[in-house]
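Enquirer: Would you be able to build a 3D model of this:
(one chain, ligands or ions: 1)
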Amino acid sequence: MKVMNTDAIIKEFSSEYEKTPDHIFFCPGRVNLIGEHIDYNGGKVMPCAISLGTWLAVSKNNNKQLRFSSLNFPEKADFHLQDSYSKTGKEWFNYPLGVINEIIQTGDAISGLDMLFYGNLPIGAGLSSSASIEVVTGFALNKLFRLNISEKNLALMGKKVENEFIGVNSGIMDQFAVVMGRKDQTILLNCDTLEFDYLPFKTGDYILAIINSNKERTLADSKYNERFEECGRALKALKKKLKVDNLCDISLSEFEENRHLINDPVLDKRALHVISENFRVGEARDALKNNDLVSFGKEMYASHQSLKDWYEVSGKELDTIVEFCKTYDDCIGARMTGAGFGGCAIALVKNNKLADFSSKLTKYYNGKIGYKCDVFASDIGDGVRKLH
Ligand code: GLA
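Expert: Got it, this is the predicted structure:
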């Protein structure tokens, strides 16, 4: 995973567009420590921005062209500036195009742009590569054309693009995290009200490892929308008696008393995950506040189990990683992170054991799955910003 410095990106931009970029922006990806699949259920989540992300070098042009190129993908695009755009195929540039479309729809005037993107997040691996490219685009246009879009609206705009332009019913967590991320802090976000707090993520003798299962998330979007819809049906059934707006407004004891209303074993499991996960986030927050990393790690393991058994969004690759972590003495917690169906897991591992952990896990994983997983340490970093 190459880190791009500004000089290197200027050089690449110059060879693509035969001029230097006016500016360079960077937006990170994120990991979610706990609180999975509950942002779209009005729950509380605990994401952090990481140091990997997406760079955007950009200049205005006077020929009313929107030009997209990337150092990661061979496809380029060149659109004449027009009143609206719609998604074209599955190409990467739909993400920035969706954001530009959204900005144009709100009535803001923009000029042509020459854009070069580079990302070092593994694509589609649950680290929010899509939120990262959406937000870096929105942030850049906000600065270039002085649009006065607030941080919160920047995140909401990314979510709208994901929901309406791309067609995934995702929640607000990813875009919010990559906008608001802060070095060495986790964000405790209430996805219903968008109120949030920072909590120092002090890991002491431990390090946050990211493990990429290298399993492609082929069914991720359709399965994600299916879970979204199942939660809606579970909520509807519970609303027959409970006066709530979201599944996460329901306590565990209220759920126990009323779960018979659901009358569908699959929806019952989905609701059980959502409501118990929201509860675990509270426990994890208290553990972190008390510097009790061991209890925090136990909540991570419990979260994974619930995602595996009740929400059914894990898979043998992610389960194999977490299964290994449980047997490794110097790992105190692990879970899948993000949407699931492949992608990444995170683990808390003793600092000085990371190399040993990594080689033993890779061997174990390869033996069970037939290909390798990648293990790397992650820094918790700041949110979207201008570099140049
Ligand atoms: C994806 C979505 C988020 C969230 C997670 C699961 O990353 O974009 O909104 O729902 O999955 O927690």
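
Enquirer: Break down the stretch 101-250 of the chain into its strands, ranges please.
Expert: With strands called from DSSP state E, counting those that start in this stretch, the stretch 101-250 of the chain shows them at 112-119, 185-190, 196-200, 206-212.

Enquirer: Can I get these in CSV including distance to the ligand and mean neighbour count?
Expert: Bear in mind the C-beta positions are built from the backbone N, C-alpha and C, glycine included. Listed next are the strands of the stretch 101-250 of the chain as CSV, based on distance: least, CB to the nearest ligand atom, whole Å; neighbours: other CB atoms under 10 Å:
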stretch, distance to the ligand, mean neighbour count
strand 112-119, 16, 23
strand 185-190, 11, 22
strand 196-200, 15, 14
strand 206-212, 14, 22
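
Enquirer: Need those in CSV (columns: mean pLDDT).
Expert: Below are the strands of the stretch 101-250 of the chain laid out as CSV (pLDDT from 0 to 100):
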stretch, mean pLDDT
strand 112-119, 98
strand 185-190, 98
strand 196-200, 98
strand 206-212, 97
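
Enquirer: Put together a markdown table for those, with distance to S378 on each row.
Expert: Shown next, in a markdown table, are the strands of the stretch 101-250 of the chain (distance: least, CB to CB, whole Å):
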| stretch | distance to S378 |
| --- | --- |
| strand 112-119 | 16 |
| strand 185-190 | 12 |
| strand 196-200 | 16 |
| strand 206-212 | 5 |
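
Enquirer: How about the residues of this protein by the ligand?
Expert: 32, 36-37, 39-40, 170-171, 173-174, 338-339 (CB under 6 Å from any ligand atom).

Enquirer: Closest to V135 out of these?
Expert: Checking those against V135 with CB to CB, the nearest one is D174 at 8.7 Å.

Enquirer: Might you report the residue contacts of D245?
Expert: The contact partners of D245, by CB atoms under 8 Å, 6 or more residues apart in numbering, come to 42, 192.

Enquirer: Mind giving me the packing neighbours of the longest helix seen in the chain?
Expert: Criterion DSSP state H: the longest helix present in the chain is helix 265-289. Other elements packing on helix 265-289 under the criterion 3 or more CB pairs under 8 Å, 6 or more residues apart in numbering; DSSP states H and E are strand 44-45, strand 185-190, strand 196-200, helix 220-238, helix 252-258, helix 293-309.

Enquirer: run the last query once more with 7 Å
Expert: Where contact means 3 or more CB pairs under 7 Å, 6 or more residues apart in numbering; DSSP states H and E, helix 265-289 is packed against strand 44-45, strand 196-200, helix 220-238, helix 252-258, helix 293-309.

Enquirer: Low-confidence ranges, the stretch 201-350 of the chain, go.
Expert: Where the stretch 201-350 of the chain drops to pLDDT under 70, the residues are 218-220.

Enquirer: switch to 90 and redo it
Expert: Residues of the stretch 201-350 of the chain meeting the criterion pLDDT under 90: 202, 216-222.

Enquirer: Just want the residue of it that's nearest the ligand.
Expert: A339 (3.5 Å; CB to the nearest ligand atom).

Enquirer: if we can go back for a sec, report the distance from the longest helix of the chain to the chain centre.
Expert: How far helix 265-289 lies from its chain's middle: 19 Å, per CA atoms, centre = their mean, to the nearest Å.

Enquirer: quick one, that helix and helix 293-309 angle?
Expert: Going by axes from the mean of the first three to the mean of the last three CA atoms, to 10 degrees, helix 265-289 is angled at 170 degrees with respect to helix 293-309.

Enquirer: If you count neighbours, what's buried in helix 265-289?
Expert: 267-281, 284-285, 287-288 (16 or more other CB atoms under 10 Å).

Enquirer: re the thing from before, can you say which of the strands of the stretch 101-250 of the chain is nearest to S295?
Expert: strand 206-212 (13.1 Å).

Enquirer: where exactly do the helices run in the protein?
Expert: Taking DSSP H, the helices of the chain run over residues 6-17, 94-105, 129-144, 151-160, 173-180, 220-238, 252-258, 265-289, 293-309, 316-327, 354-369.

Enquirer: Report all helices and strands that the fifth one contacts.
Expert: In other words, helix 173-180. For helix 173-180, the packing partners by 3+ CB pairs under 7 Å, 6+ apart are strand 23-32, strand 47-61, helix 129-144, helix 151-160, strand 185-190.

Enquirer: Put together JSON lines for these, with distance to H260 on each row.
Expert: Shown next, in JSON lines, are those (distance: least, CB to CB, whole Å):
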{"stretch": "strand 23-32", "distance to H260": "32"}
{"stretch": "strand 47-61", "distance to H260": "34"}
{"stretch": "helix 129-144", "distance to H260": "38"}
{"stretch": "helix 151-160", "distance to H260": "34"}
{"stretch": "strand 185-190", "distance to H260": "29"}
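
Enquirer: What residues does the nearest residue to R285 once chain neighbours are set aside make contact with?
Expert: Using CB to CB, 6 or more residues apart in numbering and skipping the chain neighbours, the partner closest in space to R285 is L188 (5.9 Å). Counting by CB atoms under 7 Å, 6 or more residues apart in numbering, L188 makes contact with 44, 46, 196-197, 199, 285.

Enquirer: can we see that at 10 Å?
Expert: 33, 35, 44-47, 195-199, 281-282, 284-285, 288-289 (CB atoms under 10 Å, 6 or more residues apart in numbering).

Enquirer: again, but for P200
Expert: The contact partners of P200, by CB under 10 Å, 6+ apart, come to 182, 184-186, 288-289, 291, 380.

Enquirer: and if you look at G43?
Expert: Per CB under 10 Å, 6+ apart, neighbours of G43: 35-37, 171, 173, 189-192, 246-249, 274-275, 277-279, 281.

Enquirer: circling back to that earlier point, phi, psi for the residue of the stretch 201-350 of the chain closest to the ligand please.
Expert: Backbone geometry at A339, expressed as degrees, to the nearest 10, gives phi -70, psi -30.

Enquirer: For the remainder of this discussion, apply numbering that starts at 50.
Expert: With the count now opening at 50, the last piece we talked about shows up as A388.

Enquirer: Quickly note the distance from it to K357.
Expert: Distance of A388 to K357, given as CB to CB, to the nearest Å: 14 Å.
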